[in-house]
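K.L.:
Structure for this input, please:
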Amino acid sequence: MHSRRRKGPGWISRFDRHLVRGVSRFPGGNHDDFLRLLSASANHGKLWMGAAAVIAVFPGKPRRAALHGLLAQAVASTVTNVVFKTLLPRTRPLPEHLPVFRFVHPQPTSSSMPSGHSASAIAFAVGAGLVKPSLGAALAPAAAAVAYSRVHTGAHWPSDVLFGSAIGAGAALITRKWWPVRPPIPDTARTWTSAPELPGGDGLSIVVNTLGGSFTEETAAALQEVFPKAYINSVASGENLLQEIRSTATFPGTKALGVWGGDGTVGAAASAAIEHSLPLLVLPGGTLNHFARDAGIGSLKDALKAAAGGEAALADVGVVSVERGLAGNPETVELIMLNTASIGMYPNLVRRREHLQPALGKPLAGVVAMFRTFAAGTPTTLIVDGVRHRLWIAYVGRGRYYPRDHAPLMRPVLDDGVLDVRMITADESLARLRLLWSVLTGTVATSRITHLREATRLRVDSAGSPMVLAVDGEVLAGVRSAEFRVERRALTYYSPQP
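P.N.:
Numbering: from 1, shown residues only. Model (predicted):
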């Protein structure tokens, strides 16, 4: 078997033998045992899988780095062992080339060219480092030691190690396009403005939706304690929420409108605040608190600081004109959109992602949620700005959300004047396979099935049966068309200054 293997071009062989002779002159010592054990620990990628398991304990970038490292390692190992070891058969170093006490036993029987250990080691370290550079720097010495150990123990020639290392680095760079490093999220920016100071809640009227968010029996009492001078209207089951919001906004002496509830309640309160030229204080009482989070109000303490100091900013609002009902007798409704609207399977995707996120972290939770949502889903046919599409998701955000992919999470600027339009289409052939592959490789944002753009106006029409539209979490059925536009800096909202 060995007789059929090449020794390589003459200059490479001379280069290898020269370096091996230098290594053979190193004195023996404990480092021989260490390098032999290190080399053995990397067999079949065990060392890097163990490292990935430890790194993945930490959510966020470390977990994403571990995932990318493993993906790069898998690609490098496959290319090395399946492709190049077959195409480039080569005899490994012989016992006379190195001291016998250092020589690996038993020596591998596969081709020496290239080094699979080196490919896996460099692929994992570079792959992880592309996501989190400090982690890559910490892994680099271990990866380099594994690569060198293959020469030190006589398992490979130096050129095998260099070629394997190049394959590993290449695999990391190629898979970086599959799991691209997300660009940084811009810093939070506000357009500050003046608003009435409300010490102790003086002049503040708060509407509380007792059916929404995290309301408990102690909520109203807690609000009264934080804002002792405020008027608080707790809306119970059976009462008309919209009417109660309007009556709260017009309560005598009202200088600002406060709201406790989910996204739908906050949107209705924003509409009333705009109508009556009142600043809005959004309290963190909703299930997800999207606008409160973006406004920088994560607690009642933040809300109290902003209200007492008159600290406020301006936000754009989205206006959605919805046509519902029968074609011959349509009903038109106009809604305020503070956060997002969606058609298709986006609400199911969000619910699954939020459920999985605490255990898996944001990136991996998004991948698993996408697989579960689209594995058996059915696309919807819609007409978007006059163009017919088969869509998995049509998503409209009021303002630029980040990251710029299928799983928007953060909105650092509330008055950028745009609608964030994202569509994942099923127009292409093999639509479901394309979608699942792009999810697996992390290329949804760059795939042909994904369409990302910004607009100030957008129109969506149903193509046949009416569609279901969700606006800030409130679901509207029987929708025939929806027009979206942006009203620049129409809402004044309280936000604590840094």
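
K.L.:
From here on, just use CA atoms for contacts and neighbour counts.
P.N.:
Will do.

K.L.:
show me where pLDDT drops low in the stretch 351-498 of the chain?
P.N.:
351, 362-363, 376, 405-407, 439-442 (pLDDT under 70).

K.L.:
all strands for it, in order.
P.N.:
Counting by DSSP state E, counting those that start in this stretch, the stretch 351-498 of the chain has strands at residues 380-384, 387-398, 419-425, 450-455, 457-462, 467-471, 474-494.

K.L.:
What is the neighbour count of residue 18?
P.N.:
12 (other CA atoms under 10 Å).

K.L.:
Of the strands of the stretch 351-498 of the chain, give the one that comes closest to residue 82.
P.N.:
strand 450-455 (33.4 Å; CA to CA).

K.L.:
Within the sheet, what are the partner strands of the closest one, with directions?
P.N.:
strand 419-425 (antiparallel) (DSSP bridges).

K.L.:
Now the strand it pairs with: buried residues?
P.N.:
For strand 419-425, a neighbour-count test (16 or more other CA atoms under 10 Å) marks 419, 420, 421, 422, 423, 424, 425 as buried.

K.L.:
Could you work out the most separated pair of these?
P.N.:
Pairwise over the buried residues of strand 419-425, using CA to CA, the maximum falls at 419 and 425, 18.6 Å.

K.L.:
contacting residues around residue 232?
P.N.:
Applying CA atoms under 8 Å, 6 or more residues apart in numbering to residue 232 gives the contacts 205, 206, 207, 208, 220, 224.

K.L.:
mind redoing it with 6 Å?
P.N.:
By CA atoms under 6 Å, 6 or more residues apart in numbering, the contact set of residue 232 is 205, 206.

K.L.:
So for the one helix or strand residue 175 maps to, mean pLDDT?
P.N.:
Using DSSP states H and E, residue 175 sits within helix 158-178. Per-residue pLDDT over helix 158-178 has a mean of 89.

K.L.:
Also stretch 299-310?
P.N.:
Mean pLDDT, stretch 299-310: 94.

K.L.:
can you count the residues close to residue 118?
P.N.:
Around residue 118 there are 34 residues (other CA under 10 Å).

K.L.:
Surely it and residue 148 touch.
P.N.:
No: using CA atoms under 6 Å, residue 118 makes no contact with residue 148, being 8.2 Å away.

K.L.:
how's the protein carved up into domains?
P.N.:
Here the domain parsing of the chain from automatic domain parsing is 2-178, 198-309, 321-489.

K.L.:
out of those domains, nearest to residue 184?
P.N.:
For the domains of the chain, the distance to residue 184 is smallest for domain 321-489, at 8.4 Å, taking CA to CA.

K.L.:
ranges for the helices of the stretch 251-400 of the chain?
P.N.:
263-275, 290-294, 300-309, 346-360, 362-374 (DSSP state H, counting those that start in this stretch).

K.L.:
any idea how far the second one is from the chain center?
P.N.:
Between the centre of helix 290-294 and the centre of its chain there are 18 Å (CA atoms, centre = their mean, to the nearest Å).

K.L.:
Can you show me the CA trace of it as CSV?
P.N.:
Taking C-alpha atoms only, helix 290-294 is exported to CSV below (Å, rounded to 0.1, in the frame of the first residue of the first chain):
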residue,chain,number,x,y,z
HIS,A,290,-41.5,46.4,22.7
PHE,A,291,-42.0,50.2,22.6
ALA,A,292,-41.1,50.6,26.3
ARG,A,293,-37.9,48.8,25.7
ASP,A,294,-37.0,50.9,22.6
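
K.L.:
got a list of contacts for that helix?
P.N.:
Under CA under 6 Å, 6+ apart, the answer for helix 290-294 is 282, 284.
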